[in-house]
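Undergrad: predicted coordinates and the sequence they were generated for:
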Amino acid sequence: MIEWFGPASHSAYWLLLTLAVYGACSYLSFRWRIPIIFHPVIVSLSLLIVAVDFQGASFSDYMQGGQYLMFLLGPATVALAIPLFDQWTRIRRNALPILIACAAGAFTASASALALGLLLGLDKTTLLSLAPKSVTSPIAIGVAETLGGHPSLAAGLVLMTGAIGCALGPLLFRLLNIHDPAAQGFALGVAAHGFGTAQAFTFSQTAGAFAGLAMGLCGVMTAFFLPALVGWMGIS
């Protein structure tokens, strides 16, 4: 029988702690208008890492409870199909520009990160972990592992990319005078993956739908072309 408030090895303990920490961070972020760079996911993740380390628990202990939240990622991702269906006519009418923009965005994100990393003298493993930084975590982890990078480092870089993208996105929209919710959402999905998609839904359903579309397309494209790009740049 599960003890709801017991040792740190119990699944319910970590599940409730995760929900409580994230809920508190989200509330405080909204209440105090905290800058988006301190995204609730980033802050709560940092606090949970400290809690795991302080209690001498392991990642496997935490995942006894965290696995239930991981399971919900699947239904949440599938649910993105609903707003996409509502925008299907517009998406079909602009299919070619959407594909070109996704390809350009995905390529630029990976190529610029690798080029800058090479310029700064990063080692091979770090470069291969950095390459898939602009796609959603499950894809980034899989791609990094396949290429020879560190999956955990790749996951951390994905979170940082998402937070920075969400922080700079609204500013760039104002500077470039971009008001179309579809364009705003699409840009956030390309540059900030899941974080950007979540933020886009706070703008409108249209922005969220196009962000989800961009996130999915860029993830698939990156998984296909990144190995070839890495080889062409002489990193593999």
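TA: Right, received. Where do you want to start?
Undergrad: all helices of this protein, in order?
TA: For the chain, helices defined by DSSP state H occupy the ranges 11-32, 40-54, 59-79, 81-86, 88-93, 95-119, 124-130, 137-147, 151-175, 181-203, 205-232.
Undergrad: from what I can see Leu118 touches Leu127, true?
TA: Yes: with contact defined as Cβ atoms under 8 Å, Leu118 reaches Leu127; the gap is 7.0 Å. In short, each C-beta sits where N, CA and C put it, glycine included.
Undergrad: what touches both of those two?
TA: Common contacts of Leu118 and Leu127 (Cβ atoms under 8 Å, 6 or more residues apart in numbering): Ile235.
Undergrad: shaky segments in the protein?
TA: 1-9, 34-37, 236 (pLDDT under 70).
Undergrad: where do the domain boundaries of it fall?
TA: 11-79, 81-232 (automatic domain parsing).
Undergrad: tell me which of those domains sits most buried.
TA: domain 81-232 (a mean of 19; mean count of other Cβ atoms under 10 Å).
Undergrad: quick one: distance of that one to the chain centre.
TA: Centroid displacement of domain 81-232 relative to its chain, using Cα atoms, centre = their mean, to the nearest Å, is 8 Å.
Undergrad: just the endpoints, please. Distance across it?
TA: Domain 81-232 has an end-to-end distance of 35 Å (criterion: Cα to Cα, to the nearest Å).
Undergrad: for stretch 113-125, same thing?
TA: 14 Å.
Undergrad: who touches that stretch?
TA: Taking Cβ under 8 Å, 6+ apart as the rule, stretch 113-125 contacts 126-127, 130-131, 133-134, 148-150, 229-230, 233, 235.
Undergrad: redo that, cut-off 6 Å
TA: With Cβ atoms under 6 Å, 6 or more residues apart in numbering as the contact definition, stretch 113-125 has outside contacts at Leu127, Leu130, Ala131, Lys133, Gly149, Met233.
Undergrad: same question, stretch 168-187
TA: So stretch 168-187 is contacted by Leu188, Ala200, Phe203, Ser204, Thr206, Ala207, Gly208, Phe210, Ala211, Ala214 (Cβ under 6 Å, 6+ apart).
Undergrad: name the nearest residue to the fourth one, sequence neighbours excluded.
TA: Once its chain neighbours are removed from consideration, Ser204 has its nearest residue in Pro181; the separation is 4.6 Å (Cβ to Cβ, 6 or more residues apart in numbering).
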